[in-house]
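Enquirer: coords below, sequence missing:
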């Protein structure tokens, strides 16, 4: 061991210093600067601290024999100054395990404390000499240090005060690691921890029968373990840093503790099983509405997660119990509750399970837990839910409940089942409307109401799902065409009712909205030519009789139809409006002409509509003997028109005429709005009070059925201008009619309902027949057009192309009849070698 010589020397390694104490240089640094490090000799000393004393010692030793086991740390060297007071930092000089020899020869610990600066002294020179002996660790250093650490660990597990300061224990661990004793120390700590952990878990065996109390014991044991391991890890932090990081396959002290806890928990199987069972019982109690300690559950489940046994030991049995619980509950509630309440219950249950995952279950459990609940509460009962409650919810227009159903079904990928149920509901409900002839009068209103409610549910409940939207379209198209031609006819008549004058209280905006809704149903019609025929016939009556509520609405409807079907569809309808406008100009011109001024009888005003035959419906001609005044008027107008438009021919349609008659009743004068046929009959009573049916028939020349309907409207309706003898609702051949001189009415102008304004069976039949005839022409034209292009074509391919080109529904049998007709008329011929092939004949 080196000594310091205080004698003067000329050695060049000396330097003047300000402090009276000096640092002990390392023996190994004699050939280097005095501040070189020597970690291999002993532990470093901490800055500005007095040397530390060992906590344990040998009581049998004499004071002279006791030595420090390890130094307290590295101490920074003092600042060395030159004569000009310029400072420079010296390297730290570690202190070895050694003694300073004093005058008495007794070894004492080196005094490393700093002293106050003293005034400059005469320079002294020191000579450093090497010590040949290598320093060694104190005897039983490892055993004594471990004894101290063991005592501290035991105190921690026993919850007693530790015998030494934590800093001393921390330094002790550091010294053992520094001298290569980390592995041995790790094993000893592991063994000591295992003993106490095992004891703590064995203590839980056979504890309280009350599951909640037992779980609180387990939680306390776990919390104690965590606190104790954190304290031990804090003391032995250098062991984790210096030994565990460098060693392979060695766990940190915390992980080692978890491993030991997991090992002995599995060995104490009663504790583990009872803990899992208790947690499951608490969760089940909570599901049944009881209040449980969620904090306790959270701590225990975090324990399972930290130990790495959560998936196997808890999650699997938990999901099994969850499946059993909800399977039984689902069956029970489906039998007791209606569908709306059941879906609300399911919604609450799923939210509860989601909350459990947020509060105390591990986040990894959320997906399988919710899937298990959905499977047992929803997926198993999809058919039962739809069969039991879907129709009820749809009939009640329960948008919120249907939204909940759609949301729930989306969670289990059962939306397709819901879509199919929607299709079945629309078709079944619609068939009860369309196929019931008693509901024909209100069929369109019912269909519009159904469509409106379905659209609202689609928007608000079904999230405007595209597949659902297509299903709604397909279902309504099926409904509109399930009864051939009739729905198309009724839709046209519905539009006629809305556009006809008399719908007071309906604004143009409301009318426009109604037309838009009707147009939706119109799109579903396959035979749009049927709609066109009836719409054109009703439009003609509205225009000719001046019964349109709003001309702008009429033109708007034509524009909508043109947008939907093209200009070819509305060409004739637009031509009808042009004729009405042109007729106004012709009438104005006629009134200003010389014919009108010089030849017209006085007291009569007449307005004539000149119609282009190709635009308007075909009306059967009806003979009638007009009063002389009207005949004169017609002849004068005809002369004027033909003089203006050469080469044209006028044909009077008397069945479409209407008049306003001035009637003188004993109780007052009235104006009667009547048809031309009613006018002819009433004017016969200017010359007679009583007329028989036969007299009226001969004098008027009106066809028998039309005459009976006319007399019925005048004598048997609400406005009885004539009296029938005998009384009755039907007109017979031997009846007589008398002018009703007792007639009275509060209004001055009275409208007498004209029979021709009402739709008759014959008119319907003739309209339908005209449509069918037009279709035959279209089929013939399509066949000839296809064959002219192809020249030779098989029967199957011809039928296929016809289905593609024709826009109305047609049966293959009807197409075959048209093909046979064209063969008879020598447009086509069958191939001589194969009768299934047709040849076009030029």
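Expert: Thanks, I have the structure now. Since this is a predicted model, take the numbers as computed values, not measurements.
Enquirer: which intervals of the protein have sub-threshold pLDDT?
Expert: Filtered on pLDDT under 70, the chain yields the residue ranges 1-124, 129-135, 501-505, 754-769, 772, 842.
Enquirer: next one: stretch 738-747 to chain centre, how far?
Expert: Between the centre of stretch 738-747 and the centre of its chain there are 68 Å (C-alpha atoms, centre = their mean, to the nearest Å).
Enquirer: again with stretch 172-191
Expert: The chain centre lies 62 Å from the centre of stretch 172-191; the measure is C-alpha atoms, centre = their mean.
Enquirer: going forward, begin numbering at 27 instead of 1
Expert: Happy to do that; since the first residue is 27 now, the last one works out to stretch 198-217.
Enquirer: buried set for that stretch?
Expert: Neighbour-count burial for stretch 198-217, counted by 16 or more other C-beta atoms under 10 Å, picks out 198-204, 207-208, 211-212, 214-216. Every C-beta, even on glycine, is put in place using the N, C-alpha and C of the backbone.
Enquirer: From residue 270, how far off is residue 423?
Expert: In this view, residue 423 and residue 270 are 70 Å apart by C-beta to C-beta, to the nearest Å.
Enquirer: Pick out whichever of these two has more residues nearby.
Expert: residue 270 (19 against 14; other C-beta atoms under 10 Å).
Enquirer: Skipping its backbone neighbours, what lies nearest the spatially most central residue of the chain in space?
Expert: The structure's the chain has its C-alpha centroid closest to residue 489; by C-alpha atoms, centre = their mean the separation is 5.4 Å. Ranked by C-beta to C-beta, 6 or more residues apart in numbering and with sequence neighbours excluded, the top spatial neighbour of residue 489 is residue 432, at 6.7 Å.
Enquirer: Residue 395 too?
Expert: Leaving out its chain neighbours, the residue that sits closest to residue 395 by C-beta to C-beta, 6+ apart is residue 379, at 5.4 Å.
Enquirer: rewinding a little: what helix or strand is the residue nearest to residue 489 located in?
Expert: Element membership for residue 432, per DSSP states H and E: helix 425-437.
Enquirer: List the buried residues for that helix?
Expert: Neighbour-count burial for helix 425-437, counted by 16+ other C-beta under 10 Å, picks out 425, 427, 428, 429, 430, 431, 432, 434, 435, 437.
Enquirer: Save those as CSV, and put in distance to residue 589 too.
Expert: Below are the buried residues of helix 425-437 laid out as CSV (distance: C-beta to C-beta, whole Å):
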residue, distance to residue 589
425, 31
427, 38
428, 33
429, 34
430, 39
431, 37
432, 33
434, 41
435, 37
437, 42
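Enquirer: Could you single out the nearest of those residues to residue 616?
Expert: Distance to residue 616 across these (C-beta to C-beta) is lowest for residue 425, with 61.1 Å.
Enquirer: if I look at the closest one, how far off is residue 653?
Expert: Between residue 425 and residue 653 the distance, using C-beta to C-beta, works out to 64 Å.
Enquirer: neighbours around residue 349, how many?
Expert: For residue 349, the neighbour count with other C-beta under 10 Å is 15.
Enquirer: Secondary structure element for it, which one?
Expert: helix 342-362.
Enquirer: so the very next helix or strand once past that helix versus helix 425-437, what angle?
Expert: Where DSSP H and E defines the elements, the next helix or strand beyond helix 342-362 is helix 365-385. Angle, helix 365-385 to helix 425-437, by axes from the mean of the first three to the mean of the last three C-alpha atoms, to 10 degrees: 50 degrees.
Enquirer: Pull the residues that contact helix 365-385.
Expert: The set of residues external to helix 365-385 that reach it, using C-beta atoms under 8 Å, 6 or more residues apart in numbering, is 309, 312-313, 320, 324, 348, 352, 355, 359-360, 363, 389, 391-392, 395-396, 399-400, 403-404, 411, 414-416, 418-419, 424, 427, 430-431, 434, 437.
Enquirer: How far off centre is the host helix or strand of residue 399?
Expert: Per DSSP H and E: residue 399 is located in helix 392-403. Between the centre of helix 392-403 and the centre of its chain there are 20 Å (C-alpha atoms, centre = their mean).
Enquirer: cool, stretch 861-868 as well?
Expert: The answer for stretch 861-868 is 57 Å, by C-alpha atoms, centre = their mean.
Enquirer: Which positions in it come out as buried?
Expert: Neighbour counts over stretch 861-868 (16+ other C-beta under 10 Å) mark 863, 864, 866 as buried.
Enquirer: For the residue nearest to the first one when sequence neighbours are not counted, give me its contacts.
Expert: Just to be clear, that refers to residue 863. For residue 863, ignoring the flanking residues on the chain, the nearest one in space by C-beta to C-beta, 6+ apart is residue 857 at 4.0 Å. Residue 857 makes contacts with 818, 863, 864, 865, as judged by C-beta under 8 Å, 6+ apart.
Enquirer: Make sure residue 607 is indeed in a strand.
Expert: No: under the criterion used here (DSSP: H, G, I helix; E, B strand; the rest coil), residue 607 is helix, not part of a strand.
Enquirer: What is the neighbour count of it?
Expert: 8.
Enquirer: Residue 749 now?
Expert: Neighbour count for residue 749, taken as other C-beta under 10 Å: 18.
Enquirer: What separation do you get for it and residue 735?
Expert: 18 Å.
Enquirer: With residue 515 instead?
Expert: The value you get for residue 515 to residue 735, if C-beta to C-beta is used, is 21 Å.
Enquirer: Same check on residue 826?
Expert: For residue 826, the distance to residue 735 equals 49 Å [C-beta to C-beta].
Enquirer: out of these two, which sits in the more crowded spot?
Expert: Shown here are residue 826 and residue 735; by other C-beta under 10 Å, residue 735 has more neighbours (19 against 12).
Enquirer: so where does that one fall, helix or strand?
Expert: Assigned by DSSP H and E, residue 735 belongs to helix 730-741.
Enquirer: so how far is that helix off the chain centroid?
Expert: Distance of helix 730-741 from its chain centroid, counting by C-alpha atoms, centre = their mean, is 63 Å.
Enquirer: Can you point out the buried residues in whatever helix or strand comes next after it?
Expert: Later in the chain than helix 730-741, the nearest helix or strand by DSSP H and E is strand 748-751. Buried residues in strand 748-751, counted by 16+ other C-beta under 10 Å: 748, 749, 750.
Enquirer: could you dump these to a markdown table with distance to residue 384?
Expert: Shown next, in a markdown table, are the buried residues of strand 748-751 (distance: C-beta to C-beta, whole Å):
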| residue | distance to residue 384 |
| --- | --- |
| 748 | 87 |
| 749 | 89 |
| 750 | 87 |
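Enquirer: Residue 341: which of those is nearest?
Expert: For those, the nearest to residue 341 is residue 750 (93.1 Å; C-beta to C-beta).
Enquirer: what's the closest non-adjacent residue to that closest one?
Expert: Excluding its sequence neighbours, the residue lying closest to residue 750 (C-beta to C-beta, 6+ apart) is residue 741, at 4.1 Å.
Enquirer: Could you give the number of residues near that neighbour?
Expert: Residues lying near residue 741 (other C-beta under 10 Å) number 23.
Enquirer: Kindly provide the distance from it to residue 761.
Expert: Taking C-beta to C-beta as the measure, residue 741 falls 9 Å from residue 761.
Enquirer: before we move on, what about residue 670?
Expert: Distance, residue 670 to residue 761, using C-beta to C-beta: 46 Å.
Enquirer: Name the residue in those two with the higher neighbour count.
Expert: Ranked by neighbour count (other C-beta under 10 Å), residue 670 and residue 761 place residue 761 first, with 19 against 12.
Enquirer: wait, the more buried one sits on residue 755?
Expert: No: between residue 761 and residue 755 there is no contact, the gap being 11.5 Å when judged by C-beta atoms under 8 Å.
Enquirer: Mutual contacts of these two, please.
Expert: Common neighbours of residue 761 and residue 755 (C-beta under 8 Å, 6+ apart) do not exist.
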